[in-house]
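>>> just to be clear, the model below is a prediction. Sequence and coordinates:
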Amino acid sequence: MGDIRTAALFTRASLVKSLTVMKRYHVNTLGRLVTIYMFFAMMVFGGRAVAPNLINDSLTGIVVGFFIWTIAVGSYSAVASDLSREAQWGTLELLSMSPIGLGSVVVLKSLVNMFISFMFGFAVLVLMLLTSGAQISVDLVSVVPLAVLSVLPVLGIGFFMGGLALLYKRVSSIFNIMQFALLALIALSPQVNPLVKYLPLTLGSALITQVMEDGTSITALPVSSLVTLCVVAGAYLSVGYLAFSYFQRRARQRGVLGHY
Amino acid sequence: MVAERTPKSRREPLISVEGLKKEYSSGDQTVTAVDDISFSIDRGSIVGILGPNGAGKTTTIKSLLGLVEPDAGKVLIDGSEVSEERKQVYSRVSAMLEGARNAYWRLTVEENMSFFMSHRGINPRSNTDRRRRILEELGLADKANVPVRELSRGMKQKAALACVLAQDTPVLFLDEPTLGLDVEATRALRSHLAALAAEDGRTIIISSHEMDTVQELCDRVIVMTNGRIAADKETQSFTDLFQAQAYEIEVEDDIEQPARTAIERRFDTAEFADYPSKTELTVTLDHKREVFDLMDTFRDHDVVPAKVNHADVDLEEAYLQVMQNNTERAVMEGPTNG
C-alpha cells in the first residue's frame, strides 16, 4: 500500500516536473516542436517539388508514419537519454534510493515521458494535417491503444540502452543510430514479409496506418494481429526491463551507478 | 511482541558494518578501495568520516547506501541488510552525495524539495509548513521560487541540503555539507544538524575535509586511509590523545644548530620558532614515554628548557598526526594494493 502511494506521488511529481520545465523553457519546447515539423515539411514540400505524384500518393502513409516515429523516438529517447542525463546531473543515485526501487522509478518516469511524447506526437499530427492537406481518420479510441502497444517494445529497447548507458556511459552515438533504425522499422511491411511483424513498431505501424487511412475501428482488426501486437509488446518490454535490472546490478558491482 | 522489540532494538547500533571489502579492477590492475573494515554507529549520533582523497570514504558511504555492491562483508541499517532489503533501508535513509549537483537546476528550490519529498512517499501538498521551516532555517526563504541554476554555489549547496532535510528520514548521509557555504550559513547549518541529532534523535554521517565542522559537530570520528580505518574514536578523546603527546617547549636564548639537527633527526614533527629572546619548540611524540628521550637530547646538547607545556591540539592536527603515523607504517610494511 505504501509502495502504491509512493508510486502515485512519484508519478505525479515526475509529470509536474516535466510540464513545469516545458512551460518554463517554452522557447526550447516550441523549438523542439518546430524542428520535428520542419523535418516533415522538408520531406513533403521538398519531395513535392521533385516528385509530386509520388508524395501525394503516399501522403497519408508519410503523415501516419511520421506521427508514429515522433511518438516512438520521444518515448525511446526519454528512457535511454534520461538515465544518462540523470547520471550527469548527479540525481540518478538519489532516485535509485527511492523506497520503490530504481526499476519502478525508471518505469514510472518512462510512462510519464511516453505520455508527453504522445502530446508532442498529436501536436505534430495536427500541424501536419493542417498544412499538408492529408485526409485521415483520427479515432482516438482506436489510435491511442494501438500506438501505446506499438511503442511499448521501443520502451523495452530504451530500457536496454539506458541500462547499457549506466555501465558504459557515453553511448550517445548508438542512441542516434537507433532513431534511424526506428524509421526503418516503421517502413517495413508485414504484408511483404510476415516475419517482420515480430519486430518492434512494424505490426503496430501497419495497423495504425490501416485505422487512420481507412477509418477501420480497432474492434474490426484481426484478433490474431492484436494478440501478436500484445505479445510482441510484452516480450520486448520484459526483456528490456530484465536487461536494465542486470546492467543496474553490474553498475552497482562496478561502483559506477552515478558516474558520468 | 512489538513493545518488547522496540527498546531492545533502540540499544542496538543503528548501522553495523562487518568485514566490508571492495576492490575495483581496470585491466590487469586491481585497487583495494575498502579493505576489510568493521564499525558500528549508534542511534542519534553524529559521526564524521575523514581521510585524504582515495582513502575509501566515498566507497564506504556508497556501500552503506547500497549504491556500490561490496565484494565481501555485511552492512545492516536498523536491522535490514542493505544489499538484500534495499526498500526497507531506503525508507529510512536519505543522502546528499554530490552537494550542489544533487538538485534539478531547472526547477526552483521549492519545486526540488516537493519532488524529492514525493519520491520518498511524502505528499508535498500536506507538508508546506515543513518546507517553509527548512527554507527559513537555511536562509533560503527568499530564494524558494528561484530556479537552482540561478543560485550561487553556496546557495545551490543549501538547496541540495534542503531537499535532503525535507525527506525527513531518521538517517542522513552528508558528503561535504558545508562546502562552499559562508561562515554564517555554516554556523546555522551546524546548529541545525546538531539539533536534528539531539532533539529528533536522527543519526548523521558526515564526510568532510572541513575539520572545524567535524570537530564541532561530530561525537565520533573515523579516520580512513588506504581503505582501512586508521583511527576510530570519540572526537574529544581523539584530540585529547594527541594533546597529551604534544608539547611546547620554551628555551631562553637560541638553540644551537647541532642541537636542532639532533632533535629534528630524532623527532620529525619538531618545529622551531625563533624570537629575539627565546626559541620555541613544538613537538608531537608518538608515545608519552618519548618525553624522556627528548629530555636526554636536551641534556646531551646542554639545552635547558625554561617552560614545558602541553600544546593545544585541534582535530586537524590530530588527523594529520594519524595520517603521518599511518604513512610511516605503510612505508615499513610495503605496498598493500595489488
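Yes, it's here.

>>> when you work out contacts or count neighbours from here on, use the C-alpha atoms and nothing else.
OK.

>>> and the pLDDT at the residue of the stretch 201-338 of chain B found nearest chain A?
Chain A sits closest to residue B:227 of the stretch 201-338 of chain B, with a gap of 15.0 Å, by C-alpha to the nearest C-alpha. On the pLDDT scale, residue B:227 is placed at 92.

>>> hmm, residue B:56 and it touching each other?
Yes - taking contacts as C-alpha atoms under 8 Å, residue B:227 lies within contact range of residue B:56: 4.7 Å.

>>> dump the residue contacts of the residue nearest to the residue of the stretch 201-338 of chain B closest to chain A when sequence neighbours are not counted.
Distances taken as C-alpha to C-alpha, 6 or more residues apart in numbering or on different chains place residue B:34 nearest to residue B:227, at 4.0 Å, with adjacent residues excluded. When contacts are counted by C-alpha atoms under 8 Å, 6 or more residues apart in numbering or on different chains, residue B:34 touches B:20-23, B:56, B:59-60, B:226-228.

>>> among these, which ones are in helices?
Those of the contacts of residue B:34 mapping onto helices are B:59-60, per DSSP state H.

>>> biggest separation within the contacts of residue B:34, which pair?
Between any two of those, the greatest separation by C-alpha to C-alpha is 13.7 Å, found for B:20 and B:226.

>>> who touches both of those two?
Common contacts of residue B:20 and residue B:226, defined by C-alpha under 8 Å, 6+ apart, comprise B:34-35.

>>> count of residues packed around the residue of chain A found nearest chain B?
For chain A and chain B, the shortest gap (C-alpha to the nearest C-alpha) falls at residue A:6, measuring 4.0 Å. Each residue near residue A:6 was counted by other C-alpha atoms under 10 Å in any protein chain shown, and the total is 21.

>>> am I right that it is in contact with residue B:122?
Yes - counting by C-alpha under 8 Å, residue A:6 touches residue B:122, with 7.4 Å between them.

>>> overlap in contacts of those two?
Here residue A:6 and residue B:122 share no contacting residue, scored by C-alpha under 8 Å, 6+ apart.

>>> who in chain B is up against chain A?
Neighbours of chain A within chain B, by C-alpha under 8 Å from any C-alpha of the partner chain: B:24, B:59, B:65-71, B:86-91, B:94-95, B:98, B:101-104, B:106-107, B:111, B:114-115, B:118-123.

>>> so where is the chain shaky, pLDDT-wise?
Let's take chain A. Applying pLDDT under 70 to chain A picks out residues A:1, A:260.

>>> correction: the question concerned chain B.
Using pLDDT under 70, the flagged stretches of chain B are B:1-11, B:99, B:239, B:241-244, B:311-313, B:326-338.

>>> can you name the residue of it nearest to chain A?
For chain B, C-alpha to the nearest C-alpha, closest residue to chain A: residue B:121, 4.0 Å.

>>> how about that residue, secondary structure?
At residue B:121 the chain is in coil, as set by DSSP: H, G, I helix; E, B strand; the rest coil.

>>> could you say which helix or strand holds the nearest residue to it once chain neighbours are set aside?
In this structure, residue B:121 finds its nearest non-sequential neighbour in residue A:6, 4.0 Å apart by C-alpha to C-alpha, 6+ apart. In this assignment (DSSP states H and E), residue A:6 forms part of helix A:2-24.

>>> tell me what that helix is packed against?
When contacts are defined as 3 or more C-alpha pairs under 8 Å, 6 or more residues apart in numbering or on different chains; DSSP states H and E, helix A:2-24 sits against helix A:26-50, helix A:101-132, helix B:109-119.

>>> if we can go back for a sec, need the contacts of residue B:34 in a markdown table (columns: neighbour count).
Output for the contacts of residue B:34, formatted as a markdown table (neighbours: other C-alpha atoms under 10 Å in any protein chain shown):
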| residue | neighbour count |
| --- | --- |
| B:20 | 22 |
| B:21 | 23 |
| B:22 | 25 |
| B:23 | 20 |
| B:56 | 23 |
| B:59 | 22 |
| B:60 | 25 |
| B:226 | 23 |
| B:227 | 26 |
| B:228 | 21 |
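
>>> among the contacts of residue B:34, name the ones in strands.
Among the contacts of residue B:34, the members found in strands (DSSP state E) are B:20-23, B:228.

>>> neighbours of residue A:245, how many?
17.

>>> near chain B, which residues of chain A are found?
A:2-3, A:5-7, A:9-10, A:13-14, A:17, A:20-21, A:89-91, A:93-101, A:251-257.

>>> one more time with 7 Å
Within chain A, the positions near chain B by C-alpha under 7 Å from any C-alpha of the partner chain are A:5-6, A:9-10, A:13, A:21, A:89-91, A:97-101, A:252-255, A:257.

>>> list the buried residues in stretch B:110-127.
Neighbour counts over stretch B:110-127 (16 or more other C-alpha atoms under 10 Å in any protein chain shown) mark B:110-124 as buried.

>>> revised request: answer the last question for stretch A:26-40.
With the criterion 16+ other C-alpha under 10 Å, stretch A:26-40 contains buried residues A:33, A:36-37, A:40.

>>> do stretch A:42-55 as well
Across stretch A:42-55, burial judged by 16+ other C-alpha under 10 Å covers A:44-45, A:55.

>>> closest to residue A:118 among those?
residue A:44 (22.0 Å).

>>> what's the overlap in contacts for residue B:227 and residue B:56?
Shared contacts of residue B:227 and residue B:56 (C-alpha atoms under 7 Å, 6 or more residues apart in numbering or on different chains): B:33-34.

>>> nearest residue to residue A:243 other than its sequence neighbours?
Nearest residue to residue A:243, sequence neighbours excluded (C-alpha to C-alpha, 6+ apart): residue A:160, at 5.6 Å.
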